[in-house]
Structures are given as C-alpha cells and as structure tokens.
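**Student:** Mind folding the following:
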Amino acid sequence: MSLELLSFSEKLQVDPLRWSICGGEDYRLLVNCRGSEFQTLSSAFEGQFAQKLYPIGVVEDGTPFQLRYLKNEKEFSPDWPTFQHF
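**Tutor:** Numbering: from 1, shown residues only. You can find the predicted model right below:
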C-alpha cells in the first residue's frame with residue numbers, strides 16, 4: 001500500500017486494507033501465484049519496478065469457492081461490501 005493511502009487512512013481512521021480490497025480505484029496491480037513462487041516473483045517484481053508485492057490472501061480449492069484474507073500474515077474474515085462500478 002502506498003504511503004499516501006496509509007497516511008490518509010490513518011487520518012480518517014479507516015482500515016487501508018478495506019480500501020485496497022474493495023476500493024476499485026487504486027490502480028495497483030493485483031496478481032495471484034502459487035505460494036511457493038511468491039518470494040521469487042516478489043523479488044523479481046521489486047527489482048524490475050522498484051515496488052513491493054504484498055500477500056493479501058490465499059485462494060484454495062473448495063466447494064463452494066472460498067477466499068481467505070490475510071492481514072499482517074494472519075487470517076481474518078472481512079464483512080465489507082464488494083466494489084460496485086455503478
């Protein structure tokens with residue numbers, strides 16, 4: 001997350017992770033990869049673009065589809081609404 005988002009979130013006392021997940025207007029890259037490949041991908045990305053990648057969740061097989069969110073490397077269950085374009 002950008003320093004600007006963190007600062008603004010602190011001023012408004014809003015969780016910046018909520019905006020990162022639900023905001024939709026942040027223009028940041030969201031990718032997925034195998035957990036075992038994250039460090040390699042993250043290092044290559046940072047070397048190429050001088051920007052870090054941050055793990056924000058885990059996608060697992062399951063019925064029904066489940067998405068687990070991580071905050072400070074701990075699982076949590078947000079009750080936030082999803083982003084709506086209109």
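**Student:** C-alpha from now on. contacts and neighbour counts both.
**Tutor:** OK.
**Student:** got the buried residues for the biggest strand by length in the chain?
**Tutor:** Assignment by DSSP state E gives strand 66-71 as the longest strand of the chain. For strand 66-71, a neighbour-count test (16 or more other C-alpha atoms under 10 Å) marks 69-70 as buried.
**Student:** Work out the sheet partners of the following helix or strand past that strand and label each with its direction, please.
**Tutor:** As assigned by DSSP states H and E, the chain's next helix or strand after strand 66-71 is strand 74-76. Sheet pairing here is set by DSSP bridges, and for strand 74-76 it gives strand 66-71 (antiparallel).
**Student:** neighbouring contacts of the partner strand?
**Tutor:** The contact list for strand 66-71 (C-alpha atoms under 8 Å, 6 or more residues apart in numbering) reads 17, 55-60, 75-78.
**Student:** Which of the residues you listed sits closest to Phe45?
**Tutor:** Set against Phe45, the nearest of the contacts of strand 66-71 by C-alpha to C-alpha is Pro55 (13.3 Å).
**Student:** Give me the nearest residue to the closest one, chain neighbours excluded.
**Tutor:** Leaving aside its sequence neighbours, Pro55 sits nearest to Leu70 (C-alpha to C-alpha, 6 or more residues apart in numbering; 7.3 Å).
**Student:** Pro81 now?
**Tutor:** Cys22 (7.0 Å).
**Student:** For that neighbour, report the pLDDT, please.
**Tutor:** Cys22 is assigned 77 on the pLDDT scale.
**Student:** hang on, the earlier thing: relative to Ile21, how far out is the residue nearest to Pro55?
**Tutor:** According to C-alpha to C-alpha, to the nearest Å, Leu70 and Ile21 sit 11 Å apart.
**Student:** quick one, what contacts the most centrally placed residue in the chain?
**Tutor:** The centre of the chain sits closest to Ile56, judged by C-alpha atoms, centre = their mean, with a distance of 3.9 Å. Ile56 is in contact with 69-71, counting by C-alpha under 8 Å, 6+ apart.
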